[in-house]
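Asker: Provide a 3D model corresponding to the input given below.
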Amino acid sequence: DTACDFYLPDYMGDIKRIIHYSAAVFPAGQYENDGEISFSGVVAYSVIYLDGENRLQEASFTSDFELICPIDEKFVQASSKNDISALAVRAAGARKISAKASVSTDVYILEKIVIPPVDFGIPLEKRTRSIKIHAPEYIEPREVEYAERGRLLGGIGAEEVESVMSFGKARITDAKLEDGKIRLLCEINAGCLVRVLGEEYIRIDKPISTEAFLDCPEARADCDVSAEAKLTSISVGITNDVNEEGEAGASGVF
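Answerer: All right, here's what the predicted structure looks like:
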């Protein structure tokens, strides 16, 4: 975990409401010591907020982190892969932002192991085969209404709602091999920022879950399966809709 407090400089306005925040992790280096290796890095935060004059402002700041792993005399080299597993940002005052991030780090350590020769009495043949499958899966467009903010948009037509920005992130929650197919469960956190009646900014967040099946008939039952998801784009549109009570209002299409 890494945390920090950021105080707004004089040229930036006070915080009225935080609209959106995100963070990215960047490795800074690794250092070998006696019996251990340390990995260091930087978490870069981006916070978009609404100031007292209803203007969008962006605050950018960083915090450091370090991870220490033990090594022994068989150590050859090491590498790491970092990701943000949890993120919390809040306004701790009119001009203060408190941020905390949990960094998930996968460490790969290469060791040198000497195996004595073994004579089995029969000639040995070593065969290796690498299989790389790249199969993009695209999610069909679907309509998502403003459930969380419905009370604020009730009765407001689409012509009075402006889509300012969209954002999101995708991740694989589960990957399994089932009867010659790879079953992938994906979770997408999609969101957008809209402006109502030319004044009020409203943030909308929606979780979208989906699954995909990839054909892999040559895979053995004991194979390990891993996958990654990347959200390439989000398209947000505003349209008029009518609910069950006959009340018209604005809804969105993700």
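Asker: for the host helix or strand of Asn82, packing partners?
Answerer: Applying DSSP states H and E as the criterion places Asn82 in strand 75-93. Strand 75-93 sits against strand 15-33, strand 36-51, strand 96-111, with contacts defined as 3 or more Cβ pairs under 8 Å, 6 or more residues apart in numbering; DSSP states H and E. For every residue, glycine as well, the C-beta is placed using N, CA and C.
Asker: okay, the angle between it and strand 36-51?
Answerer: With axes from the mean of the first three to the mean of the last three Cα atoms, to 10 degrees defining the directions, strand 75-93 sits at 30 degrees from strand 36-51.
Asker: who touches strand 75-93?
Answerer: Contact partners of strand 75-93, identified using Cβ atoms under 8 Å, 6 or more residues apart in numbering, comprise 5, 15, 17-18, 21-27, 30, 37, 39, 41, 43, 45, 47, 49, 67, 69, 71, 97-112.
Asker: now these: which count as buried?
Answerer: Among the contacts of strand 75-93, those buried by neighbour count (16 or more other Cβ atoms under 10 Å) are 15, 18, 21, 23, 25, 30, 37, 39, 41, 43, 45, 47, 49, 71, 97, 99-101, 103, 105, 109.
Asker: the residue nearest in space to the middle of the chain and Lys230: what is the separation?
Answerer: Centroid-nearest residue in the chain, with Cα atoms, centre = their mean: Lys169, separated by 4.6 Å. For Lys169, the distance to Lys230 equals 9 Å [Cβ to Cβ, to the nearest Å].
Asker: contacting residues for Ile37?
Answerer: Residues in contact with Ile37 (Cβ under 8 Å, 6+ apart) are Gln30, Tyr31, Ile68, Cys69, Ile71, Phe75, Ala78, Ile109.
Asker: turn those into a markdown table, including pLDDT and distance to Ser235.
Answerer: Formatted as a markdown table, the contacts of Ile37 follow (pLDDT from 0 to 100; distance: Cβ to Cβ, whole Å):
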| residue | pLDDT | distance to Ser235 |
| --- | --- | --- |
| Gln30 | 86 | 40 |
| Tyr31 | 87 | 45 |
| Ile68 | 89 | 44 |
| Cys69 | 89 | 43 |
| Ile71 | 86 | 48 |
| Phe75 | 84 | 49 |
| Ala78 | 85 | 41 |
| Ile109 | 84 | 43 |
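Asker: excluding its backbone neighbours, what's nearest Val107?
Answerer: Nearest non-adjacent residue to Val107, counting by Cβ to Cβ, 6 or more residues apart in numbering: Ser80, 5.0 Å away.
Asker: so where's the stretch 151-254 of the chain uncertain?
Answerer: For the stretch 151-254 of the chain, the stretches flagged by pLDDT under 70 are 151-154, 241-248.
Asker: what about the strands in it?
Answerer: Ranges of strands in the stretch 151-254 of the chain, per DSSP state E, counting those that start in this stretch, are 161-178, 181-196, 200-215, 237-242, 248-253.
Asker: can I get these in a markdown table including distance to Asp10?
Answerer: What follows is the strands of the stretch 151-254 of the chain, written out as a markdown table (distance: least, Cβ to Cβ, whole Å):
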| stretch | distance to Asp10 |
| --- | --- |
| strand 161-178 | 26 |
| strand 181-196 | 26 |
| strand 200-215 | 24 |
| strand 237-242 | 37 |
| strand 248-253 | 37 |
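Asker: and of those, who's closest to Gln57?
Answerer: When the strands of the stretch 151-254 of the chain are compared by Cβ to Cβ, strand 200-215 sits nearest Gln57, at 11.7 Å.
Asker: any buried residues in the closest one, and which?
Answerer: So for strand 200-215, counting by 16+ other Cβ under 10 Å, buried means Tyr201, Ile202, Arg203, Ile204, Lys206, Ala212, Leu214.
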